[in-house]
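Undergrad: Any chance you can model this:
(2 chains)
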Amino acid sequence: GAGVSQSPSNKVTEKGKDVELRCDPISGHTALYWYRQSLGQGLEFLIYFQGNSAPDKSGLPSDRFSAERTGGSVSTLTIQRTQQEDSAVYLCASSPLVGTYEQYFGPGTRLTVT
Amino acid sequence: AQSVTQPDIHITVSEGASLELRCNYSYGATPYLFWYVQSPGQGLQLLLKYFSGDTLVQGIKGFEAEFKRSQSSFNLRKPSVHWSDAAEYFCAVGAFSGGYNKLIFGAGTRLAVHP
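TA: The predicted structure is shown next:
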């Protein structure tokens, strides 16, 4: 079956522009996570969705970052007024059920801010 | 607080040699443990997981890991490394925190394979 998909795979943007990153989780997965991976670094948790609600936004680094999820499916991570330090790979993961820890990852979006 | 430590940032092995990647965790209860692999330019792929039962678990691509409660470790092993195993490896522990299930990841170990 189809895995987690993310688009675009690569995004180059100028400093100060807004960007939207999309995540399409595995069908039926109720939990969705966003992570950021800076060059040579581990995974930095950003936000967790359960259905359409986001009970944990504690990892969002600033108010320039926001995310939403509609229909319990697709999620969009938006970064406003991008800065060079936002350059990173943004990974999305989904999980099938409440009560499981296993997460399935998408291929990521590589964001470069020039 | 839950945490995962991967002591080795970089490891280099020769093709055909054996491999062991170290992982130590801190968790109060019986842990749910995972190893993920990230090939260059790819997302994370689950290699194997431990929930309970047999402490030696088998995964994909010929990998195995052993849970040792006394050492709080979950080391990943492979008897003979292939060049295609060059990647970054992440150990993770499952934790219920903030009202939901989450994975706490280690910082990762980057594996290079010499021909």
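Undergrad: Retrieve the pLDDT associated with the nearest residue to B:His82 once chain neighbours are set aside.
TA: Leaving out its chain neighbours, the residue that sits closest to B:His82 by CB to CB, 6 or more residues apart in numbering or on different chains is B:Glu15, at 6.5 Å. C-beta: built from backbone N, CA, C; applies to glycine. pLDDT recorded at B:Glu15 is 97.
Undergrad: how close does B:Glu15 get to B:Ser80?
TA: 8 Å (CB to CB, to the nearest Å).
Undergrad: Mind checking which of the two has more residues around it?
TA: Legend: neighbour count by other CB atoms under 10 Å in any protein chain shown for B:Glu15 and B:Ser80, higher for B:Glu15 (14 against 11).
Undergrad: how close does that one get to chain A?
TA: According to CB to the nearest CB, to the nearest Å, B:Glu15 and chain A sit 24 Å apart.
Undergrad: Quick check: that residue touching B:Val113?
TA: Yes - the pair B:Glu15 and B:Val113 passes the contact test of CB atoms under 8 Å, sitting 5.5 Å apart.
Undergrad: quick one: common contacting residues for those two?
TA: Residues touching both B:Glu15 and B:Val113 (CB atoms under 8 Å, 6 or more residues apart in numbering or on different chains): B:Val81, B:His82, B:Trp83.
Undergrad: Who is the residue of chain B found nearest chain A paired with across the strands?
TA: Using CB to the nearest CB, the closest approach of chain B to chain A is made by B:Gly94 at 3.1 Å. Here B:Gly94 sits in beta bridges with B:Tyr32, B:Leu103, as judged by DSSP bridges.
Undergrad: Run a quick neighbour tally on it.
TA: So B:Gly94, with other CB under 10 Å, has 22 neighbours.
Undergrad: Report the contact partners of it.
TA: With CB under 8 Å, 6+ apart, B:Gly94 has these contacts: A:Tyr101, B:Pro31, B:Tyr32, B:Leu33, B:Phe34, B:Asn101, B:Lys102, B:Leu103, B:Ile104.
Undergrad: Residue numbers of chain B in contact with chain A?
TA: Listed as neighbours of chain A in chain B under the rule CB under 8 Å from any CB of the partner chain: B:32, B:34, B:36, B:41-46, B:49, B:90, B:94-95, B:98-103, B:105-108.
Undergrad: Just these: which are in strands?
TA: Under the assignment DSSP state E, the residues of chain B next to chain A contribute B:32, B:34, B:36, B:44-46, B:49, B:90, B:94-95, B:100-103, B:105 to strands.
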